[in-house]
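In: Predicted model follows, preceded by the sequence.
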Amino acid sequence: MVLTLYGNLGATCTKRVRTVLAELDVPYEFVNIDLAKGEQKAPAYLALQPFGQVPYLDDAGFTLFESRAIARYLALQYGGVGTLVPDPKDVQKTARFEQAASVEMSNFEPSAVGLAIENLFKPMYGQATDTVKAEQLKTTLEGKMAGYEAILSKTQFLAGDEITLADLFHLPCGALLENQGIDFLVSDRWPNVARWWKAVSSRESWKKVSQA
Ligand SMILES: N[C@@H](CCC(=O)N[C@@H](CS)C(=O)NCC(=O)O)C(=O)O
């Protein structure tokens, strides 16, 4: 096997990449990096990933980090033209895809991952939740839902009527919202968001990754 993913099964960014690998049905070897033991900061790992974070990909000597960059690489390298990302020759479709991908990174991830840290990961590691911060993050995220509803009332998915990486990128942190009892993605207050989330989160790829 030539494709190796270094990651942690519980880490959201690793799940993002594993979902894309599952979508594309690409076989790979998985090297577990124990974040609790700090293996990501060991000199040998830092030599590979200079920020000491997972995931990290080695594809027969071609190496890459940052989950979303890895996902784009995998889709283009293994997916065939137009699978999960638009044909790069279609400049306008690509721009719309990048817009959607940017929405996830700027309007969703910061609050969603912050909420997961406060409400799930801190308690897991015996740390106290900052309840004020958690409430602020929840309010911020709630404020973004009207924007999502506006987009998704016009198209099936965030970058148009076909699913792309931009939709899948929401899965790891979106699923953790449900674990915290935050209903933003399933609420009838935003029916098109709920329709979209049902379609995205019921993908076989996500079922495999979330149940592993
Ligand atoms: N933007 C990066 C974030 C990577 C990241 O924050 N990884 C976390 C796990 S989800 C990590 O390695 N945390 C351990 C640490 O920073 O020491 C990506 O998308 O890959």
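Out: Ah, there it is.
In: count of neighbours near residue 148?
Out: Per other CB atoms under 10 Å, the neighbour tally for residue 148 reads 21. To be clear about C-beta, it is placed using only N, CA and C from the backbone, and glycine gets the same treatment.
In: so how far is residue 23 from the residue located most distally from the centre of the chain?
Out: Largest separation from the mean C-alpha position in the chain: residue 43, at 26.8 Å (CA atoms, centre = their mean). Here the criterion is CB to CB, to the nearest Å. By it, residue 43 lies 34 Å from residue 23.
In: pLDDT at the residue nearest to the spatial centre of the chain, what is it?
Out: By CA atoms, centre = their mean, the chain has its centre lying nearest to residue 169, at 3.3 Å. At residue 169, the model reports a pLDDT of 98.
In: And for residue 36?
Out: Confidence at residue 36, expressed as pLDDT, is 91.
In: Report the secondary structure state of it.
Out: coil (DSSP: H, G, I helix; E, B strand; the rest coil).
In: For this protein, give me the ranges with low pLDDT.
Out: For the chain, the stretches flagged by pLDDT under 70 are 1.
In: ok, residues contacting the longest helix along it?
Out: In the chain, assigned by DSSP state H, the helix with the most residues is helix 131-152. Residues outside helix 131-152 that contact it (CB atoms under 8 Å, 6 or more residues apart in numbering) are 100, 103, 107-108, 110-112, 114-115, 118-119, 158, 177, 182, 184, 189-193, 195-196.
In: Buried among those? Need that as a selection in ChimeraX.
Out: The buried subset of the contacts of helix 131-152, as determined by 16 or more other CB atoms under 10 Å, is captured in ChimeraX by this line:
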select :100,103,107,108,111,112,114,115,118,119,158,177,182,184,190,192,193,196
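In: which residues touch the residue lying closest to the residue nearest to the centre of the chain once chain neighbours are set aside?
Out: Using CB to CB, 6 or more residues apart in numbering and skipping the chain neighbours, the partner closest in space to residue 169 is residue 104 (4.6 Å). Contact partners of residue 104, counting by CB under 8 Å, 6+ apart, are 158, 166, 169-170.
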